Structure formats: structure tokens, C-alpha cells
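Trainee: Structure of the sequence below:
(chains A and B)
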Amino acid sequence: MRPFIVTFILLAMIGLSVCTPSSHQVVVYCTVDQVFSEPILRDFENETGIKVRAVFDTEETKSTGVMNRLIAEKDNAQCDLFWSGDPLRNIVLQSKDITSPYQSIQTDLIPGDFREKEYHWTGFSARARVLIYNKTLISSDSLPQSILELTHPRFKGQFTIANPLFGTTTFHMAALFAGMGQAPAKQWMNDLKKNQVVIATSNGDVKKRVMTGELAFGLTDTDDAFEAKKESDDVDYAFLDQQAGGMGTLIMPNALSMIKDSPNSENGKKLMNYLLSRETEAKLAISCAQMPLIKGTEIPDIVPSLDHIIPMKIDYAQSSAILEQIQPWLKKWVEE
Amino acid sequence: MGGRVSRQLARNVPALLLALLLLGPLLALLVRWLSGSDKLSLLAFIDAGTLLLVGKSLLLSCVVAVLASLMGTICGFLLYRLKFSFRGFYKILLLLPLLVPPYIFAVAWKDGFQWLFGNSTAINPEVGMIIVHTLVLFPLAMLITGTALSQIHSGLEEAGLMRVSFRRMLIKIILPLIRPALTISFLLILIISLSDFSVPAFFGVNTFTTEIFTQFSAFYNHQLAISQSFLLVLLCLTLLLSENKYLSDAPFFSVHVKGSSTKHYSFRKGLTMLHVLLWILLIAVLVLPVVMLSHQALSGREMLFSRAWELLSPTIFQSAKLAFLGASLISAIGLWVAYLKERSRFPHLNTMLLLTFIIPSTVLGVAMIKFYNHPATNFIYTTIFILLITYVGRFGFIAARIIGNGIKQIPGSLEEVARVIGIPPVKRFFSISIPLLLPSIFTAFVLSFVLCLGELGTTIMIYPPGTELMPVKIFTIGANAPLALTSSMTLISFGVTMFFILLFFLIGKILFNRFSYA
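Mentor: The predicted structure is shown next:
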């Protein structure tokens, strides 16, 4: 009996030594890439003294992390603030009554298009969907100018998109379906298949395949394209649909949501206020070329400005609703 | 009377506690699932398409299991029963594929194809998936069958060799004796292959598990995903329970007296060929992925090893500590459960571990969250205890079966003799059973350590916020880090795991020398 008691006490000491909850902390679940988000969270920690306990996400095709955790924890929320790479996930959480509204003191700095009208999510620092291309395989003059041109036979078998069931590609497809109408969008996707589009597992996989020269170009996000340019001189990126009358490029802001009934909501609000600032946007611009939404934020020359990009007209809530409708069709499209 | 009551309590109370900790979450999930839907819609997803998908997934995994078991058994025999130089070296190296997350292996292999042939799409997706799973999982078969082979009484083989040829002795004596090990390694590999989604997803192969994963990750449709998971569980349960009933309980006439050494075969002819074959295998399963990872790590614009070390080093101690605690707990519980099953005819805990083993990792994660995420159980949910409980659920079955096979090799007469002369049960257990089971317990411990160290699927759903663990960090950083950085981190993780394996190997050598009887 004695060995069991000793073992139990030892295990308890070890267990409690690893993770002793503190009241001076904030728990954030973050789907933004850890390499970019973690330094900002560390800065918050250093400046405020509030301990940040973060849960980061993997690429969605590798594990079912943060979102499913948030949904499963709904009845006893552990997370205070959800920091997402696009607002679609926040809208999903809002539909499941997991978020709570919060109007940050910084909210007025964010354009109205990039926040939810009841403040269930607020956007900041945006990425855009871009075409990443390998300069040794295709010149900038020969690139498609519109996403619709990907169905042109001259691009047959040369390009890739990430699995449209996951990540920002889902968002992109939903926006296209909302903008084009379902029938034309389905036709376009079927034409992509006929044009032998290669379906990569993720945006990272798209980046890799283009960098290695396996494929000439692909659709990805600005931060992936930016990283690719840092790693290789053979790679560059371009914005599609920038001609007059074109449908424009999808802009995807980061999105912050307070979680309902969270244990450290006051600290969560402080973190949210910190993130919705010019300083944070400037840091994200430098680290991963994310485009600030707050006017007057300083950005490096290599980071594109939203002022010079024709954005796609999008209603995020409508796109989310359409996504639910088209997902079964997208699944079939991927599997066939 | 008092002694009998306290013995009953001593067995039943811990059993009930273990059942509550492990089975409680699954039962709660089952109840929630049953009560949360219209009864008819629970099974509405079972249509021709689903059944075809299940059939296809089973077929693919069966092929993997056959190939991996065959490879593993051959390697097990070569490395555990033949006497030749560098045997230990091959043993350790060929175990290493178990340490590499299958996804990383798949990426390394595909990149290897790209590098060698200039075209990674030349490989058929299903073939690619089978190759990767076979190469990652065959060490499991090698370990299980090798352990079983090394516990066969040499007298049986010697007696056989007096009358028949080596080949006939192998077929008529050795193979039947290791039949439980063969069947369990086949089934374990089949189930692990069936439950993995990362490799099929990477190769674009549509399987039942990727379907479940898609429902979670893309559709957030927990209800359907859980329904599909229960179908998968039912399937795996049917396979394993049949094995339990009809195969592993088959009469096992090996009366083994521990202390006599296992028979090792020496040979001179064909030694060179043996080394060549083992090296070809090593190149395929280890050298190629390591070379590819190294190539990727070095191909970036800058050397990122130091950055990778900076990112990963805070996680090493934490991960190793957790894995050590997890492996200790798993081995102890595995021993207890196996002993109850083999000696006390109490198989229920083993069945329970089986259930938690075959549940897909995400479903287990959801079940754990739903059950333990309450203010009253925060002391479990927000600490490493949630991880330890999960590790026991994920890997306890493997440990119980490895040790169970070892228990089967010990004749009951040894303990009976001790009982007859009045030695109390606890003393019998620690003085007789434990020393004889040490190789099995140690194997279970090492395997559990490796598996806990690399566990990602459930861990990522439940690890306490702020806890830094090696596999989680590699994948979260890898989401958008330069390939060179991710590859460097993977190599470091590999190196760390190798270090621990070598350490355990040395400890094992000392332990076995101390506890072996001439």
C-alpha cells in the first residue's frame, strides 16, 4: 500500500509542478502561424506582466486542433481569446454561440468592412490570396491575370491549389461562389479539373511545389508567398483580378473573438486591445507581410498596401453561409 | 474472510478507478451521441459509399499489415535468434522508423522520389501509402515477434532439431509458438494503419479515417464524425475480440523455465548476403528519410539548426519527462491488466484498454475534453494528468499485450510451487514473476516511451495551454516555417529520441545481465 501512496504523491507533485494555473494569465487559442504570432504574444507578456498561455494550431490537414477544441470546450471555456487567421472560423464559432461580443477601444480604427456588426469578431492585419509562381518556369507576362483564366488550356497541368475543404482556400472558394453564383463557380471548378489542376494538401504544400519547380504556379496566401520569396530567388507572386472591372483579390483579415464565459475575460480584453494596434500590425507587416487595416501604420516597402490592391467585394457572413451549402459539393469535387 | 474481502477490494477498486478514468469519457460520449440525435439518423450515414470506403480502407491496411508483419517477423528472427556481429546495432537502427511520425516519413520519401527521379507524382498514391505505412510499422512486428522468439525454450528447438530439419522445425515448432505474437502484431499494425489519417491525406488517398477527419476538420460535424468513428471502433473491436477468443487463447504448451538461454543460431554461409539485405532495408527505412531531411535542412538559405535547437530545446525535457511518466504508468498498468487477464481470468480491463486503443485519436480527444473539462476536474484537465490518462488509453493495450505474451511463456507451475510452500502472493509476484517478465516489461516501457514522445493526434487537442511538447511544436512551427527549419527540428527530435533509445538499450543490457539466470 505504501508504495502506491508514495507514487501517487510523487505523481501529484510532478503534475502540479508542470502547470499551475494562475489568475494573472490569459489563454489564447491561435490559428495564425506560431512563428509569427508567438513573438507578439511574448511582447504582450513582457510589457504587461500577464502570462500568456497559448495553444497554437497546425496546418489543418495534419491535425484537428484548435477549432475542434474550442467547440468541444464550449460548456466550460478554457480559452479567453481566439485569434484566427481569417474570420470564417470566428463566424463558425459565433454560429455555435461560443463567442461573446466585445467592442475594443481600438475598434473604431478598423474599417467597418472588417468587423462583425455586433463585435463578435474584429479584424486586423490582412492577408490576400495571391498567385505564387516560379520565375524559371513561367514569366510574369505569361501569368494568368484572372483566377478565371486558370482554366485556359495553356496552363494545363502546370498549377496547383490547396485542398478547398481546408484553410483559407475554403474561404476563397466560398467567396468566389458568393460572387460568381453557384452554377458558374461549379463550372469553373470543373473546368479546373479538366485543366488538370493539382490539389496540394495545404498552402504550404503549394508553396513547396512551386519553389521546387514541380509546378509553375499556384494559389496561396501572401504570408506563404512572402516566406517563399525569402527562401528562394526563383519565386515571386502576383495579385489576380486587378484589372478595371475585375472581381478583385480576396482580402482575409486576422480576426479576434472573445470567448463566452472565459475564465480570464478581463485579461483577454487587454490582449485584444493590444493586438488591435498599429504596433502589432507593423510587427506582422515586417514578419510576414500582413497588410495593416489601420490607416497610418508604417510598413516596409516590400509589403503591399491595401490602398493599391483592388479587393474582392465580400460579405463574410454570407460567404460563411454559402460555404455550408457548397461543402458537400466541394468534397465530391476533391474526391473525384 | 477478511483477507478475501481485502483482496477483492484491492482488485476491484483500482479496476473501477481505471475504468472510470478511461472508459468514463467514452461512455459519456456514447450516451451524448445516442441522446443527441434522432435514432434513425444515427446510422443514416451507412450507405453503399461508406461500406465501399470501409472495404477499401480495410484492404489497404490489410496489405500493410501483411507486408509489415512479414518483414517484421523475418527481421525479428534474424536479429533476435541469429548470432552475428553488429546484431544489436541493426536492432536499434531498425526500430527507429517507429520514432518518425508517419507524416514526416511520407514527406521524406516523396521528396526522395522527387530528388532521385525528378517526379514525385510517379508514385501511385495507394502504393505510396502502403510503402510508408509498411516501413514505419514493421519495427512493431519485429519487436513483438522478436520478444516472443527470444522467450522460447531452447530445449524445444533442440529436441526438434534432433529429428527434423531446421526448416521443418521452424514451421512446426517455432511458428506455432509465436502465433499469438504474429496475430497481435498483424492486428495492431492493421488498426494503426487504419486509424492513421496523415499519410493517406498526404498522398490524397481517400480512406474511412480521412473521411472522419474531414468531418471534424472541414465540416466541424462532430455528430457525424463520432458516428463514423463508432463504426470504425466496432470493426476493430470485432477483429481484436475474435483474435482474443479464437487465436491468442489457443492452447499454449510451452513450458518455459526462465533461466535457460534462448537458442541462437550461428552460420557462416550467407553472412555477407545477410548484411547486404539488412543494409538495403536500413537505407530504405532510415538512411533515405534522414538523408532527405538533412538535405532539406541544409538546402535553405541559412543554416537553421541553431534556430531549430532554440525553438525545440525548451520542449525536450518536458516531453521526455511526460513520456517517461507515461511509459512508467503504461507499463505498470499494462503489467497489472495482463496479469489479471492471464492469471486471474479477468479480461475486462484488457478489453477496456482495447477500446481506448482503437478509438480514433480525435474522438478520444473530444471524449476527454467533454468528460474532464469541468470545474470539479480542472485539477486533471488543466494539468499533465489529462495527458497521462490519454497516453494510458492510447497505448496501454500494446503494453498489456506485449507483457501478456511474456506471461504466457511463464509456466503456472512456478507460481504454484511457490504458493504450495507458503510464499505470499505479493512476494511471489515480485520475486518470481517480475524477474521473469523483465524483458517484456522493459520492451513495453521502451515502446511506450517512444510512442508517448511522438504522440500528436490526441495531444494537440488536450495539452494544457502553455505546455510545450516536441511533436506539437514541430507541427505548429512547421505550419509556415521554412522547410529547412522544420526538417532541422525533425532531425533534432529524431536525435533526441535516438539518445533515449540508446540509453534504454544500455540500461536494458545491465538489467538483463543482472536478472538472467544461468
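Trainee: Next up, the contacts around residue B:502.
Mentor: Applying C-beta atoms under 8 Å, 6 or more residues apart in numbering or on different chains, we find residue B:502 in contact with residue B:92. Placement of C-beta: from N, CA and C, glycine included.
Trainee: any idea of the mean pLDDT in whichever helix in chain A runs longest?
Mentor: Across chain A, the helix with the greatest residue count (assigned by DSSP state H) is helix A:316-335. With pLDDT averaged residue by residue, helix A:316-335 scores 90.
Trainee: low-confidence ranges in the stretch 351-500 of chain B?
Mentor: Across the stretch 351-500 of chain B, residues meeting the criterion (pLDDT under 70) sit at B:480.
Trainee: how about the strands in chain A?
Mentor: With DSSP state E as the definition, chain A shows strands at residue ranges A:25-30, A:51-56, A:81-84, A:99-100, A:122-134, A:159-162, A:198-200, A:217-221, A:235-238, A:251-259.
Trainee: Would you tell me which one of these is buried the most?
Mentor: Mean neighbour counts were compared across these using mean count of other C-beta atoms under 10 Å in any protein chain shown; the top stretch is strand A:217-221, at a mean of 29.
Trainee: Can you tell me which helices and strands the longest helix of chain A packs against?
Mentor: Taking 3 or more C-beta pairs under 8 Å, 6 or more residues apart in numbering or on different chains; DSSP states H and E as the contact definition, the neighbouring helices and strands of helix A:316-335 are helix A:87-95, helix A:167-180, helix A:182-194.
Trainee: Kindly calculate the angle that it makes with strand A:122-134.
Mentor: Between the direction of helix A:316-335 and that of strand A:122-134, the angle (axes from the mean of the first three to the mean of the last three C-alpha atoms, to 10 degrees) works out to 40 degrees.
Trainee: ok, and for helix A:316-335, which residues are buried?
Mentor: Along helix A:316-335, these residues count as buried under the neighbour rule (16 or more other C-beta atoms under 10 Å in any protein chain shown): A:316, A:319-320, A:322-323, A:326-327, A:330-331, A:333-334.
Trainee: Equivalent analysis for stretch A:72-90, please.
Mentor: Buried positions in stretch A:72-90, judged by neighbour count with 16+ other C-beta under 10 Å: A:72-74, A:76-90.
Trainee: of these, list those near chain B.
Mentor: Contacts with chain B are made by A:72-73, A:76, A:78-79 out of those, judged by C-beta under 8 Å from any C-beta of the partner chain.
Trainee: okay, these in JSON lines with pLDDT next?
Mentor: As requested, these are exported to JSON lines (pLDDT from 0 to 100):
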{"residue": "A:72", "pLDDT": "89"}
{"residue": "A:73", "pLDDT": "92"}
{"residue": "A:76", "pLDDT": "93"}
{"residue": "A:78", "pLDDT": "94"}
{"residue": "A:79", "pLDDT": "96"}
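Trainee: In helices, which of the residues you listed fall?
Mentor: Of those, the ones assigned to helices by DSSP H are residue A:72.
Trainee: tell me which parts of the stretch 301-450 of chain B are close to chain A?
Mentor: Those residues of the stretch 301-450 of chain B that sit near chain A, judged by C-beta under 8 Å from any C-beta, are B:301, B:318, B:321, B:325, B:362, B:365-366, B:369-370, B:373-375, B:378, B:381-385, B:388.
Trainee: For chain B, which helix extends over the most residues?
Mentor: Under DSSP H, the helix in chain B containing the largest number of residues is helix B:305-343.
Trainee: re the thing from before, for residue B:463, find the nearest of the strands of chain A.
Mentor: Set against residue B:463 and scored by C-beta to C-beta, the strands of chain A come closest in strand A:51-56, at 7.4 Å.
Trainee: Quick one: check the closest one for contact with chain B.
Mentor: Yes - judged by C-beta under 8 Å from any C-beta, strand A:51-56 comes into contact with chain B at A:51-56.
Trainee: Name the residues of the stretch 101-250 of chain A found near chain B, please.
Mentor: A:165-166, A:170, A:198-199, A:201, A:204, A:208, A:212, A:214, A:223-224, A:227, A:230-231.
Trainee: Name the residues of the strand or helix carrying residue B:185 that are buried.
Mentor: The secondary structure element spanning residue B:185 is helix B:179-195 (assigned by DSSP states H and E). Residues of helix B:179-195 classed as buried by neighbour count (16+ other C-beta under 10 Å): B:180-195.
Trainee: Is chain A within reach of it?
Mentor: No - interface with chain A: helix B:179-195 contributes nothing (C-beta under 8 Å from any C-beta), its closest point being 13.5 Å away.
Trainee: Export that helix to CSV, keeping only CA atoms.
Mentor: This file holds the C-alpha atoms of helix B:179-195, laid out as CSV (Å, rounded to 0.1, in the frame of the first residue of the first chain):
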residue,chain,number,x,y,z
ARG,B,179,1.4,-17.4,-33.3
PRO,B,180,-0.1,-15.1,-30.7
ALA,B,181,2.7,-12.6,-31.3
LEU,B,182,2.2,-12.9,-35.0
THR,B,183,-1.5,-12.4,-34.9
ILE,B,184,-1.3,-9.5,-32.4
SER,B,185,1.3,-7.7,-34.4
PHE,B,186,-0.7,-8.2,-37.6
LEU,B,187,-3.8,-6.8,-35.9
LEU,B,188,-2.0,-3.9,-34.2
ILE,B,189,-0.4,-2.8,-37.5
LEU,B,190,-3.8,-3.2,-39.3
ILE,B,191,-5.5,-1.0,-36.7
ILE,B,192,-2.7,1.6,-36.5
SER,B,193,-2.7,1.8,-40.3
LEU,B,194,-6.5,2.0,-40.5
SER,B,195,-6.6,4.8,-37.9
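Trainee: which other helices and strands contact that helix?
Mentor: When contacts are defined as 3+ C-beta pairs under 8 Å, 6+ apart, helix B:179-195 sits against helix B:48-81, helix B:125-149, helix B:208-217, helix B:222-242, helix B:348-358, helix B:385-409.
Trainee: Can you name the element that comes right after it?
Mentor: Proceeding N to C from helix B:179-195, the next assigned helix or strand is helix B:198-203, under DSSP H and E.
Trainee: Spatially central residue in the chain, please.
Mentor: I went with chain A, as the question did not name one. Residue closest to the mean C-alpha point of chain A, counted by C-alpha atoms, centre = their mean, is residue A:85 at 2.6 Å.
Trainee: wrong one, chain B
Mentor: Note on chain B: the residue nearest the mean C-alpha position is residue B:398, at 5.6 Å, using C-alpha atoms, centre = their mean.
Trainee: Now for that residue: which residues touch it?
Mentor: For residue B:398, the contact set (C-beta under 8 Å, 6+ apart) comprises B:188, B:334, B:357, B:444, B:447-448, B:451.
Trainee: Please list all residues in contact with residue 161.
Mentor: If you meant another chain, say so; for now it's chain A. Residue A:161 sits next to A:169, A:192, A:197-200, A:206, A:218-219 when contact means C-beta under 8 Å, 6+ apart.
Trainee: that's the wrong chain, I meant chain B
Mentor: Residue B:161 makes contact with residue B:169 under the criterion C-beta under 8 Å, 6+ apart.
Trainee: for residue A:312, same thing?
Mentor: A:175, A:179, A:241, A:247-251.
Trainee: follow-up on the earlier one: would you turn the strands of chain A into TSV with mean pLDDT?
Mentor: What follows is the strands of chain A, written out as TSV (pLDDT from 0 to 100):
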stretch	mean pLDDT
strand A:25-30	96
strand A:51-56	95
strand A:81-84	96
strand A:99-100	96
strand A:122-134	95
strand A:159-162	95
strand A:198-200	92
strand A:217-221	95
strand A:235-238	95
strand A:251-259	95
